[in-house]
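> Here is the input, now give the coordinates:
(4 chains, ligands or ions: 5)
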Amino acid sequence: MRLLAVPYAVQRTLLAVVQLAVLSVLVFVLTSLLPGDAAELRFTETLTPEQVAGLRIELGLDRPAPERFVHWLGDVLTGDLGTSLISGGPVAGIVRHSIGATLVLTLATLAVVVPLAVALGIVMGTRENGRIDRAITSVTLALSAIPDFVIAVVLVAVFSLKLGWLPATWIGGDLLSSPALLILPIAVLFGRTVCLLSRQVRAGTVAALNAEYITQARRLGVPRRRLLLRHVLPNAAVPGVQELARTGDTLLGGVLVVEAIFAIPGFATALVDGVETRDIPTVQGLTLVLAVAALLINLAADLTCNRLVPRTALLR
Amino acid sequence: MIARARSVRGWVAAVMVLLPLVVAVIGPFLPYDAAKGLPYSSEGLLGTDGLGRDVLGLLLVGGRTALGMAAGAVVLAYLMGGLIGLTAASTRHRWLDEGLMRPLDVLLPLPSLLVISVVAVGWSASALAITVAVAMVNVPTVARLVRAAALDAASGPVVEALRMQRESWARIQLGYVGRSVLGPVAADLGTRITLAVFLVASVNFLGLGLSPTAPDWAVSVSRNREGLLLQPWSVLAPALLLVSFTLGFNLLADRIVHRSRRLVESAS
Amino acid sequence: GADSGAGGGAGSGAAAQPKQGGRLRAVYAGGGAKEVLDPHVQSLFVDIARHKAMYEKLVELGPDLKPVPRLASKWDHDGTATTWRFTLRDATFHDGGNLVAEDVLYSLSRIVDPAVPERVAQSSLATLDLKRSKAIGPATVELVLTAPNAEFPALLAGIGTQIVRNGFKDPSKPVGTGAFRYVSFEAGRSMIASRYDDYWDEPARIEELHILSADAEARANAVQGGQAEYANDMTATFARTAEAGKTVRIVAAKASTMQAFVMKVDQPPFDNPDVRLAFKLLADRQRLVDVVLAGRGEVGNDLFGKGYQYYPAGLPQRERDVDRAKALLAKAGLIGKQVEIFTADASAGFVEAATLFAEQVAEAGVRLKVSTGSPQTYAKDLLTKGAIGNHRSGAMTIPQYFTDRLLSQSPFNVTHWRRPAFDSAFAAARAVTSEQERSAKYGVLQKTLRDEGGILAWGLPDYLVAVSAKVQGVQAVPPNTLDQGRFDKVWLA
Amino acid sequence: MTLVRVTGLSATAGSAVLVDRVSFEVMAGEVTALVGASGSGKTTSALALLGEHGAGIRLDGRVEVDGEVVVDGNGVTTAEVRGRVVAYMPQHPGSALNPARRIGTTLRELAKLHNGDAADAVRAAQLPGDRATLKRFPYQFSGGQRQRIALAQTLTCRPKVLVLDEPSTGLDSITRLHLVHELRELASTGLGILLLSHDLDLVRALATRVVVLDAGQVIASGATDVLPDREDLPTLGTSASSTPLLRARKVTASLRPRGRDVVVRDVDLTVPAGSCLGIVGRSGSGKTTLARCLAGLHERYTGTVLLDDAPLPVLRKRTGEQHRRVQYVWQEVRGSFDERRPVDQQVARTAERLRGLAPGPAHAEAVSTLARLGVAAITAARPPSRLSGGELQRAALARAVLANPDVLICDEITTALDDHGTALVLELLAELKSRGTALIWIGHDLGLVAAVADRVLVLDAGHVVEQGPPATLTTAPQHELTRRLVAAARIGDPESPPLVSSAETYSRSEPRR
Ligand SMILES: Nc1ncnc2c1ncn2[C@@H]1O[C@H](COP(=O)(O)OP(=O)(O)OP(=O)(O)O)[C@@H](O)[C@H]1O
Ligand SMILES: Nc1ncnc2c1ncn2[C@@H]1O[C@H](COP(=O)(O)OP(=O)(O)OP(=O)(O)O)[C@@H](O)[C@H]1O
Ligand SMILES: [Mg+2]
Ligand SMILES: [Mg+2]
Ligand code: NI
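Ligands and ions are numbered 1, 2, ... in the order given. Okay, here's the model as predicted:
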């Protein structure tokens, strides 16, 4: 079985490559299905139809879709994400500019959520069905059940507009000089993530605590603290880590709302902007980066789980 | 004491789910004469919204899409994902299993937001299109979940024993495998329906979904949020109904999962 | 319209003495990657604001959309409005160079360069004959047109007509004559500029100007939360909320834009003038203004440009008359029929107005079905789809509005109003050099339009700007005019 | 020296008395055995030495361990003795190893906690103590090695008392023999050992003191002579005809597609009607796989299986009649029952589906068959999780028997049964056999196999290495493996067989992959 590890890695890499290829085609087709193209959308009161037609030729939109796709693919394979149809700048630049805010936001959220969720999960798991467990479960469930935009609207109304304690938008602010900018967005993203994660950690803890090997370790006189940290945690973390990997996509959905409300110039905003302006190379580039990130995260999660509890490798 | 606390909590959860559900289902049939006024005025029980429409009247007709789209999407996702998952799990042909599941694996990293915003932008304001898109986004996860759960059951000795007894395929699949899948599915349902409500609501909130004058709860929250301080009910009332539904549903699902676990535990 | 809301301006600042220094952050609706630094490619408000801070035009528009001198201190023409002479002001560019006639000629040639289609003023300056235009001296330039046009100075005040330095190539290194010099720019986010001390007009009072991009909600939050001092283009609801507090002041330019329904005069049922008139009679304008504009505006009279130069002020206000409309519709056989109104969430209030209007039309027994399209493609779709739709127009001169929307060849002729007689009457009017005579001729055209045209202008929204309480000197003027979004005149108290 | 003194220990769960005033002692350097039927309170009593008890159980009486009072009238007083003084090895040590931790990490941790010595313990448990081994995770060991690791863990604590709960279930006789030798060695170093088992041979081989429990009460205690005598098991009798009913030709079974990982190789066998074929072999030798090929459950095999000279296809291609005629009783019984339905209903379904009985009569027959096997009707009306392992094992047999099969394959169906239960099972099988049913009996208890089978087949790494009548095989084994199996089975005898070299301890009778 252990010998299978190498082919498995190869298999996985191949799958990832196929996944990326299929995804790019899919994204291209999806965006091509949208009504209008980048040139047409510029048709407002200031550009005449002739100017639009000129623009379309300039942007290369007059060429057939497959040709454009192949050209894009060729560029990507040489490490060039292409050129935005809207700004005329490189897509890589758009990615670089938009990824920072989202990354900071996501990482900061995780930095708050993960330790807390692990702690809560363990507390709940060790007091399964007790008063504290029920209380924490109810609170986190309640937090997770409030749609993020509702939380966001209310938090902004109360803490920024009424009380004036915290900045309401990232506009005119700068993260380095005012880290308080992060507080409200994190508060919005916090609820659901902490609920999902702590639930998994709780389930893992309960399962581990009920496992024969924990009972046995206790019988052999391992003290409680040590038991929790060294024996229970690695096992309890496995479902949590897998959940964390799955959270990526949901988190992105939340991030978009948060980015919209707090005017954070991030990845999700760039993606939706790209769709709205039919900037296909930008959408393609952003999706590609997202997909690679998703694949890497999943890979990392699998490896972490394998590191935590080697047995899971066998189960796949 | 604790037992009573539990059952009280159960009732609260049930009411939380039922209230929005009832409003959504029978609201449109109520002969409520919605008053018309100026934007964000306090005419009527809950005042008016940004278009001068009666908030209560809107609540009564706005639940159908808000909950219907999410519920429809989840049902659709389970119909498709469940079928794919069950088939993949119960087939003896490896190629069929792979053929069904691998394409879904490919779809997994596709950001759901992209799919939905493309659909929302492309088929503007079509409730059906958004429902289908939300469902599609959920199909891969549901299929994997159902397959994993069914695979455990379908490959276990119980099914072999049932086959040894010559039980019919339907009885094995529905009576045993299906029931084994039910547990994980129930646990998943609470989260999934919340996610679907969120997703649909987020799409509407971001202005990609339904028409901005639709009475939909999420649209109301989104459109009226700038009037939050002028007429809070125009935002809070639909938001509360949405929250009540998702929260109640989660509490209920949590209880069901707990109870079934306790049953299994007390049985062993 | 609602209350006056502290109309702004130096007057309302009472005895407050203008103060020097400080930083002003102004937020505009952003355009993401679409935002540009090239002054000739601009089209968004945020671009315009940015370029206005750094560049200037020969001519600007006054509060009534009448041309006023800017870099050109005066102008006159040969009597036929074909050859124009502009005298330039003594101004210096940010790089120290003096403004000369060659700069103007270079700028114009850059604008009309056919190789770059997205230079926006290309079509409005199409009649400019650059080959025959020349510098008369360092401070005088002669511009020749292929056809007479008495509105030529107004065209030079249009969008994308900024004067750049001779030889200007790289838009990412802006060099203009404006009150602020460029510091940095990030599309979709921010531009920073600092005071230009050698500005020919009085140098700005504020030290630093930030022009930021954000959507309406973020603008509202920013100006309320103290993260910006100036927020452009705010909603009526926000104005209502803000006026309840003390931190934010609303500066409202009354009735300075237009909201309308547009009927295609060549498509049934609107090819029938009776139906057009009936619909105009059916609109409950006051209710539309009260609800869709939340009372922040005036009722429209089916014409563009109220309060602007050439607006025929004497025409009676159109009133609602359901009975007469019914009679007209019955005559046209439209009672009980369904008509589709094509709308999209492309601009604030579009879908709302269409929905509300549908209810009003229903009172006459015609079902107006609201169908919603994609917001991004609405501008183009409106030309081809639906017999009736939404239309909004910002501030521009009335002749410009005609040119863009009401001539047979107009690129944006959403009502399909194509009448050769109208075209030629307009061309003739435009060539008349006497302003009074010209105004009379325009008046006739506008009356025809009001009675027979496809534009149902129901409301004239106020243009709302929110400023934090300490900002002084903001003028309540329509957009696209000289004093709108002009930051060299404001100061922080 | 007395290490443990238990006086008047009681355990109650609500009104139920699980352990009733039990008293016994454990001396240093001796093995004390706690024996008794399943459910008699062995585990409950032993856990009291650690001051541990199941949920809802109350302890009373007095337990003194190495001078410390662990339990007195107020229940548990201290948990201090755990590990340091008393170390407990649970019934299934495999699941007692943390999958997330390298074995060396845990061993070192325990050594540090109790001032023990991991290396010593590893040596005493006869494991290789090199670094590479210590760096491995539990899943990287075989079942037998895992049992040793669990032992090493308990020994690392340097306890004074070692409690071993059913250490021999599921072990083949050779492995069991090694266990006996290890435990003797440990006792000789001064350790007090408490052995809980229903394997009386093992107890005879090791214990110096025996305490016999029945329904929570001590019914006898003393030296090994208080142990109940070996019950003579009923033989199944011979009524074999010579016409072969089931035949297998060149059956080669693999685990993975296209013949990879072969676990059964070229097996030929013949079972005449009314006869019993016994299959023995070490753990992992392919017995179950072979049985599953015959039952039609394992589809990856080549060769032919004939029933009445007609080819017998895999299960899903069998006719209704073929279904009925060949039945299989699972080794892993608990997994073969649906958790959500009462056991008696599940048993009855066989008669309904395969013999077309109406639900009423089918249920009646199920209940009566279960009753014959010693499973009461009210017990059988519960879901499987509420039955003990032994009861479930008998229910699984009843489920197959209700088909009136012509061939019945029994895969280790008495492992969880005491002698009385075994006797009931054999009675039923004898009756079936006399009616002409052919039996295939898989087991590791050579004595039992010899008693029931007409012919025995010895499997080693998927090969048939020897076959013949049981009498011949036990008296004159030809093959080396048979010889060792036979020799190792006699641990209860006064003079134990010599211990084979320790290198062989690790050799597994598994097919090489
Ligand atoms: N937590 C508990 N609550 C109630 N009854 C229990 C509990 N744990 C065990 N019992 C019952 O106590 C009795 C003794 O159980 P115990 O585990 O000590 O038996 P045992 O002699 O070890 O049996 P086995 O040989 O099957 O291991 C059994 O009848 C069992 O059903
Ligand atoms: N599903 C499986 N996956 C991997 N290996 C398996 C599987 N089933 C059986 N094996 C291996 O095949 C070999 C034969 O297994 P089988 O169950 O037939 O042994 P057995 O003789 O019945 O052993 P036991 O006496 O322990 O029941 C063993 O080495 C076992 O580890
Ligand atoms: Mg026991
Ligand atoms: Mg076996
Ligand atoms: Ni290229």
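> can you give me the helices in the stretch 1-150 of chain B?
For the stretch 1-150 of chain B, applying DSSP state H, counting those that start in this stretch gives helices covering B:2-26, B:55-90, B:94-107, B:112-122, B:127-154.
> The first one: which residues count as buried?
So the one you mean is helix B:2-26. Within helix B:2-26, the residues scored as buried using 16 or more other Cβ atoms under 10 Å in any protein chain shown are B:9, B:13, B:16, B:17, B:20, B:21, B:23, B:24. Quick note: C-beta positions are derived from backbone N, CA and C, even for glycine.
> What strand or helix carries the residue positioned nearest the centre of chain C?
Ranked by distance to the mean C-alpha position of chain C (Cα atoms, centre = their mean), the top residue is residue C:395 at 2.9 Å. Under DSSP states H and E, no helix or strand contains residue C:395.
> For it, which non-adjacent residue is closest in space?
Nearest non-adjacent residue to residue C:395, counting by Cβ to Cβ, 6 or more residues apart in numbering or on different chains: residue C:478, 3.9 Å away.
> so the one you found makes contact with residue C:462?
No - if you go by Cβ atoms under 8 Å, residue C:478 and residue C:462 don't touch, sitting 9.8 Å apart.
> Any part of stretch D:192-199 near chain A?
No - against chain A, stretch D:192-199 shows no contacts by Cβ under 8 Å from any Cβ of the partner chain, the least distance being 13.8 Å.
> List the contacts of the nearest residue to residue D:373 once chain neighbours are set aside.
Excluding the flanking residues, the one nearest residue D:373 by Cβ to Cβ, 6+ apart is residue D:394, at 4.1 Å. Counting by Cβ atoms under 8 Å, 6 or more residues apart in numbering or on different chains, residue D:394 touches D:370, D:373, D:374, D:375, D:417, D:421, D:424, D:425.
> Secondary structure added to those residues, as TSV?
Below are the contacts of residue D:394 laid out as TSV (DSSP: H, G, I helix; E, B strand; the rest coil):
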residue	secondary structure
D:370	helix
D:373	coil
D:374	coil
D:375	coil
D:417	coil
D:421	helix
D:424	helix
D:425	helix
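> What is the lowest-pLDDT residue among the residues you listed?
Least confident by pLDDT among the contacts of residue D:394: that is residue D:417, with 79.
> that older thread, could you point out the helix or strand that follows whichever strand or helix holds the residue nearest to residue D:373?
Assigned by DSSP H and E, residue D:394 belongs to helix D:389-401. Beyond helix D:389-401 in the direction of the C-terminus, DSSP H and E gives the next helix or strand as strand D:407-411.
> strands paired with that following strand, and their directions?
strand D:326-329 (parallel), strand D:438-442 (parallel) (DSSP bridges).
> Tell me the pLDDT of residue D:379.
Looking at residue D:379, its pLDDT stands at 79.
> May I see the buried residues of stretch B:76-94?
Quick answer for stretch B:76-94 (16+ other Cβ under 10 Å): B:76-78, B:80-82, B:84-90.
> Same list (those residues) but as CSV, adding distance to ligand 4 and pLDDT.
Formatted as CSV, these follow (distance: Cβ to the ion, whole Å; pLDDT from 0 to 100):
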residue, distance to ligand 4, pLDDT
B:76, 45, 91
B:77, 42, 90
B:78, 39, 88
B:80, 40, 89
B:81, 37, 88
B:82, 35, 85
B:84, 35, 86
B:85, 31, 84
B:86, 30, 82
B:87, 31, 82
B:88, 29, 81
B:89, 26, 77
B:90, 26, 74
